[in-house]
Structure formats: C-alpha cells, structure tokens
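Visitor: here is a sequence with its predicted model. Questions after.
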Amino acid sequence: MHLASAAQTPNPYRSVRLPVFARNVVSTSHPLAAQAGLHMLRSGGNAVDAGVAAAAVMTVVEPVSNGLGSDAFALVWAGGELHGLNASGRAPQAWTPDYFTAKYGDSATAPPKRGIDSVTVPGAVSGWVALSERFGKLPFGDLMQPAIEVAERGYAVPPVVQGKWAAVVSELGSQPGFAQAFLPKGRAPLVGELWSFKAAALALKAIAATKGEAFYQGEIAQALARFAAQHGGALTQADWASHAPEWVQPIGQTYRGHTLHEIPPSGQGIAALMALGILQHFDVAALPVDSVAAQHLQIEAMKLAFADAYRFVAEPAAMQVLVEELLSPTYLAERAKLIDPRRAQAPQAGTPNDPHRRGGTIYLTAADESGMMVSFIQSNYMGFGSGCVEPTFGISLQNRGHGFALPAAFAGGQGNPANVVAPGKRPFHTIIPAFLTRPGDHGGVDPVMAFGVMGANMQPQGHLQTLVRLLDHGQSLQAACDAPRWRFNTGLSINVESGMNPDTVAGLQALGHRVDVIQDSYQDFGAGQFIWRLGDPGTEGYMAASDPRRDGLAAGW
C-alpha cells in the first residue's frame, strides 16, 4: 500500500475519533500527556523529547497502567535507521527457585502475582534518560516539568481510567502503600474528581535534577531498598545500582512489501513476526475484510506463534533456540501447513531447531517534521502492578517478576525452562513497541508507521490484526484502529469484542472456536496509537490515529 493511500478509504466502523494530520504529532492514551509532548515540540524539541515528556506525564495520569516503577521499551527512527531500547529490569540477586519454594511451597509455578516478591528492578526512568541523552535536544529536566506540574496540581480523573482504578480496590487495598497513594478518601476517585500525587512530584523533581541518578543510586533507591526490606522483599540498593538499559538491534519480518520491526526477546514481539510469517502463505487480501475466513486464518496463525513464543522465548542467553530459527522462512512455511481453513485447532509448539532443517500498559508515539519517529511503551504489567507503593516518593512498583517460571511449572514437559527465575535475569516480557518500514523508492529503507497496541498478550495480536487490515485490505488508519478485535487465550478459546458482526461470531463458532463475547475493551482487546508517515515530514507530514477504547488523544501542529 502506498504511504498516502491509508488516508483515502472511508471508515466502515462507528467511531468517536477522526485521524489527525500534522507535521508534528503526539498520540497517547491521555490528552494531558499528548499536550505535554506537543509543548516540547513547540519549544524546539524533537520527537524523543516529546515522547519522554509524555511518558513522564502518563505515570501520573494513568497510574492503573504505569508508574515510576514501570519498565519500558522503545523503537526510534533517527538518522536513517531504526534503534531499539530495552529498558526492562532484572531480578534481585537473591531470587532463585529455592527463594520462592521456601516461601511459597514446592507447588508454586511462578513468583506471586502481587506483593513485594513480584517486583523486579523498574527500568522506565533509565529508559527516559537513555533516550534523552542519545537523541534529545532539550535539557532532561525540562522534560519532567509537565509531569511535575500535573502531579502537584492534580487532574480530573477520566472515565476509562476510573473504571479500572475502582475495579482493583478489593484486590490491592491491603498492599503496602497502596491505599495511602491511590485511595486518599478510602475509595477510588470518581470520574471528574481531582486527584493529585505530590509524592510522585517529589520523585520527579529528584529525577529531573539528577538525570535519574537519584532513582538508581541516590535517595529514591535508598528509600526503595528500605521499603522492600520492611515488607520482606529481596531488592537491595545493589540491585538498583546495577541496573542499566540496553540498546538492542530490532528484529523484523517482511509482509506484503513492508517489514514489521519488534524488540528482540525476552519480549513477545517475535510472536507477531512469526504470525505474519505464517500468514503470508495465504491470500488474505482475496477474502472480505471482516469475513469468518479472514479472521480464522489470523487466529490460527497467532495460535501457532504463541505456542512457540511461550515454549521458547526468554532472556536471550537462556533461550534453547535462536531467534533466527524461530523466524526461519522454512520453519514458518511448515507451521503454515498446519492451519486447516475448515476448523479451529489447539496449538502445539514446534521444533524450530530441528538439525535437519538448519542451513503486555501504556503506549505512545511521536513524530516530528525532521523525520524522527518514536514508538514507546511502558507498563507496570497488571493493573497497578504489584500494588506496592513506596510512600515518600510515590513509586508504584511493577510486578514483572510474576513473568518468571518456577520448576513446578515444567511438570509433564510443560512450560519454558529457559524462563526459570535466576539472579539478575530478565523475565519473559509482554510490552512491545512496533515499527513498520518499506523499501525506499531509490534504495535504502523508508519509515512508514510507529505504532503499538497495549494490553498484555493482546499486543502481538493487535499488531497482526492492524497490519492485515492496513496492508491486505487497504483500510484507513482510523478504521484499522476502530475495527472489532478478537483475542486468543488458550486452546480453542478466543474472546471477541461485542461490536463484532454476529454472523462472523457464529461462523467462528461453527469452525470450532470457543467464543466469548466481551464488553470490556480496556485490557481484553488492547488500545493502540498510530502515526503513519505520508511523505516528506516537513511538507506532507503524518497521519495519526488514537484508539477510542482509551481516554486518549492524537495532537499535532
């Protein structure tokens, strides 16, 4: 599809959003964050400055999904190439399988879902600093000022965030620091009620003044180590001080004349690449866009990709197969042959390293008129993460440790031994930014789209569904964003949005899919932000779409 053609086709779905066209754009799931990014662009900053400022504001305005204790990843188009950043944290040095079995019993299959023993070292703040130092134009302290102001003055809580906030009160209300930070009146704030986070403002000021050093080696790190020890956790100041983000080489998969790029493992982005590699063996474009046949093929391809991702993907040094083996065209062609267009199947992992063959959050994106584009995602994993909040600085800690496995998970040959918990190791990660390129008209590579679809295991599924709509069916950007989505769970089980055509739902059921129609789209079906480059960014600019499933905004000038 030509770069401009995504703007031409009408949107067949009922939508509350229109695409935004501008030479400088920021698209986020909260308007105040988008406006913070836009302010940086108007102040002489670039897309990275905008992205970092927006990310900092998001920790305050959408605390359900992220906070100062989050992890983050980014893909940046700059200087004619794509750069990847892994700003996820590692396990405490005390974390071994014996640490958890001694506390939770031999039958535990993973570290706990909530509480201090689910917390790995958060990396988001280090990611902001790394992005600013390498690509930013404005002083780092300036990028924190909008977040500081919002945290101090407060903001009116929006509807979608409020609903998720209220939903976790019974589960997290007893976690240390949670009620003090997030239930100031003994309940979740109401829609439109003012909520401020002065403790987080104090942390943001220290982060701004020290370029993040206070968070990992200074007063905030000391407070976090004391907090962990007080509540029986293993994190120490040494764990915080040893953290560093990592610049990585993105991995990619060609599809319909374009290339989708993802961050390499231990993230699940490779699942989207594998699903596209499988799907390209079918003529999806010949099928009606919302037909049973088109949806079935995508679901089956995604199932096969997930089966391999869950079995093999982990911290790269621990993986038993290579990324190149999982993305091998020969292997993906073999996987494609397993799809039966006439019936749904329960997926099984394959053998990508056969010697006979060798030879899940908030997402935001920003782009500027110089051509720089940023695809950025940060998350506390599950709603409010661990539920633990250090009170002095308002650090709401993620629960990424729950993504590790324990030996009991491998009984009967199940699970992924490469993802077993170990000191200083990173867990299997769900959050994945995405980026799309195409071959240039005069050689080289042209950037096309910075995008992401937040929401746990929905993320690679959202990447797949969006790209099929854009590249196979030529739908407009906002239509591809608005269209009803499905989500694969396990076995034959899928969820679909309530807006999906009932005939399509019935058709999927007739093929053997076990379908549940779900009303709640916040986590179940993800939410995306998309910026599509229309041509020369200094003249034609960009088109942006923001998902109506969140409280977001695409803003430009």
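Guide: In hand now; what should we look at?
Visitor: please state the offset of stretch 442-455 from the chain centre?
Guide: Centroid separation between stretch 442-455 and its chain, computed with Cα atoms, centre = their mean, to the nearest Å, is 16 Å.
Visitor: and it, what's buried?
Guide: Buried residues in stretch 442-455, counted by 16 or more other Cβ atoms under 10 Å: 446-455. Placement of C-beta: from N, CA and C, glycine included.
Visitor: what of stretch 279-294?
Guide: 279-282, 284, 287, 289-290, 292-294.
Visitor: one more: stretch 64-82?
Guide: Applying 16+ other Cβ under 10 Å to stretch 64-82 flags 64-78, 82 as buried.
Visitor: among these, which lie within strands?
Guide: 71-78, 82 (DSSP state E).
Visitor: can I get these in JSON lines including pLDDT?
Guide: Formatted as JSON lines, these follow (pLDDT from 0 to 100):
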{"residue": "Asp71", "pLDDT": "98"}
{"residue": "Ala72", "pLDDT": "98"}
{"residue": "Phe73", "pLDDT": "98"}
{"residue": "Ala74", "pLDDT": "98"}
{"residue": "Leu75", "pLDDT": "98"}
{"residue": "Val76", "pLDDT": "98"}
{"residue": "Trp77", "pLDDT": "98"}
{"residue": "Ala78", "pLDDT": "98"}
{"residue": "Leu82", "pLDDT": "98"}
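Visitor: which one of these is nearest to Gly44?
Guide: Minimum distance to Gly44 across those is 16.7 Å, recorded for Ala78 (Cβ to Cβ).
Visitor: what about the stretch 401-550 of the chain, any weak spots by pLDDT?
Guide: 521-523 (pLDDT under 70).
Visitor: just the helices in it please.
Guide: 458-467, 477-482, 502-510 (DSSP state H, counting those that start in this stretch).
Visitor: for Arg17, find the nearest of those.
Guide: Short answer: helix 477-482, nearest of those by Cβ to Cβ, at 6.1 Å.
Visitor: for that closest one, name the packing helices and strands.
Guide: With contacts taken as 3 or more Cβ pairs under 8 Å, 6 or more residues apart in numbering; DSSP states H and E, helix 477-482 sits against strand 527-533, strand 542-546.
Visitor: same list (these) but as a markdown table, adding mean neighbour count and distance to Ala179.
Guide: Formatted as a markdown table, the helices and strands packed on helix 477-482 follow (neighbours: other Cβ atoms under 10 Å; distance: least, Cβ to Cβ, whole Å):
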| stretch | mean neighbour count | distance to Ala179 |
| --- | --- | --- |
| strand 527-533 | 29 | 27 |
| strand 542-546 | 28 | 32 |
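Visitor: could I get those as TSV with distance to Val48?
Guide: Output for the helices and strands packed on helix 477-482, formatted as TSV (distance: least, Cβ to Cβ, whole Å):
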stretch	distance to Val48
strand 527-533	14
strand 542-546	16
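Visitor: out of those, which comes closest to Val25?
Guide: Here strand 542-546 is closest among the helices and strands packed on helix 477-482 (Cβ to Cβ), at 4.5 Å.
Visitor: given that closest one, what are its sheet partners and their directions?
Guide: With DSSP bridges as the test, strand 542-546 is paired with strand 20-22 (antiparallel), strand 527-533 (antiparallel).
Visitor: so what's the most centrally placed residue in the chain up against?
Guide: The residue lying closest to the centre of the chain (Cα atoms, centre = their mean) is Ile431, at 3.1 Å. Ile431 makes contact with 71-73, 267, 360-361, 377-379, 454, 459 under the criterion Cβ atoms under 8 Å, 6 or more residues apart in numbering.
Visitor: now distance to Pro139 too, for the buried residues of stretch 442-455, in a markdown table please.
Guide: Listed next are the buried residues of stretch 442-455 as a markdown table, based on distance: Cβ to Cβ, whole Å:
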| residue | distance to Pro139 |
| --- | --- |
| Asp446 | 32 |
| Pro447 | 27 |
| Val448 | 32 |
| Met449 | 30 |
| Ala450 | 24 |
| Phe451 | 29 |
| Gly452 | 27 |
| Val453 | 33 |
| Met454 | 29 |
| Gly455 | 34 |
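Visitor: out of the residues you listed, which sit inside strands?
Guide: Using DSSP E, 446-454 are the members of the buried residues of stretch 442-455 that sit in strands.
Visitor: I'd like to know which of the residues you listed is nearest to Asp239.
Guide: Nearest to Asp239 among those, with distances taken as Cβ to Cβ, is Met454, at 27.1 Å.
Visitor: now for the residue lying closest to that closest one once chain neighbours are set aside: which residues touch it?
Guide: Sequence neighbours aside, Thr361 is the residue nearest to Met454 in space, at 3.9 Å (criterion: Cβ to Cβ, 6 or more residues apart in numbering). Taking Cβ under 8 Å, 6+ apart, we find Thr361 in contact with 65-66, 377-379, 381, 430-431, 454-456, 459.
Visitor: 7 Å instead, please
Guide: Under the criterion of Cβ atoms under 7 Å, 6 or more residues apart in numbering, the neighbours of Thr361 are 65-66, 377, 379, 431, 454-455.
Visitor: farthest-apart pair in those residues, please.
Guide: Across these (Cβ to Cβ), the longest gap, 12.6 Å, separates Asn66 and Gly455.
Visitor: nearest to Arg134, of the helices of the stretch 401-550 of the chain?
Guide: Across those, closest to Arg134 is helix 458-467 (Cβ to Cβ), at 24.9 Å.
Visitor: check which helices and strands that closest one sits against.
Guide: helix 269-279, helix 292-312, strand 445-454, strand 486-488 (3 or more Cβ pairs under 7 Å, 6 or more residues apart in numbering; DSSP states H and E).
Visitor: and the strands paired with strand 542-546 as TSV, adding distance to Ala241?
Guide: Below are these laid out as TSV (distance: least, Cβ to Cβ, whole Å):
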stretch	distance to Ala241
strand 20-22	42
strand 527-533	34
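Visitor: nearest to His402, of the buried residues of stretch 64-82?
Guide: Using Cβ to Cβ, the buried residues of stretch 64-82 come closest to His402 at Asp71, 12.7 Å.
Visitor: hang on, the earlier thing: so which of the strands paired with strand 542-546 comes closest to Tyr255?
Guide: Using Cβ to Cβ, the nearest of these to Tyr255 is strand 527-533, at 16.0 Å.
Visitor: adding distance to Val323 and mean neighbour count, write the helices of the stretch 401-550 of the chain out as JSON lines.
Guide: Output for those, formatted as JSON lines (distance: least, Cβ to Cβ, whole Å; neighbours: other Cβ atoms under 10 Å):
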{"stretch": "helix 458-467", "distance to Val323": "15", "mean neighbour count": "27"}
{"stretch": "helix 477-482", "distance to Val323": "27", "mean neighbour count": "26"}
{"stretch": "helix 502-510", "distance to Val323": "32", "mean neighbour count": "15"}
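Visitor: which one of those helices lies closest to Asp106?
Guide: helix 458-467 (32.7 Å).
Visitor: got the contact list for that closest one?
Guide: Contacts of helix 458-467 (Cβ under 7 Å, 6+ apart): 255, 260, 268-269, 271-272, 275-276, 298, 302, 360, 430-432, 434, 451, 453, 455, 480, 485, 487-488, 525-526, 528.
Visitor: for the stretch 151-300 of the chain, which segments count as strands?
Guide: Along the stretch 151-300 of the chain, counting by DSSP state E, counting those that start in this stretch, strands occupy 155-156, 194-195, 246-248, 251-255, 258-262.
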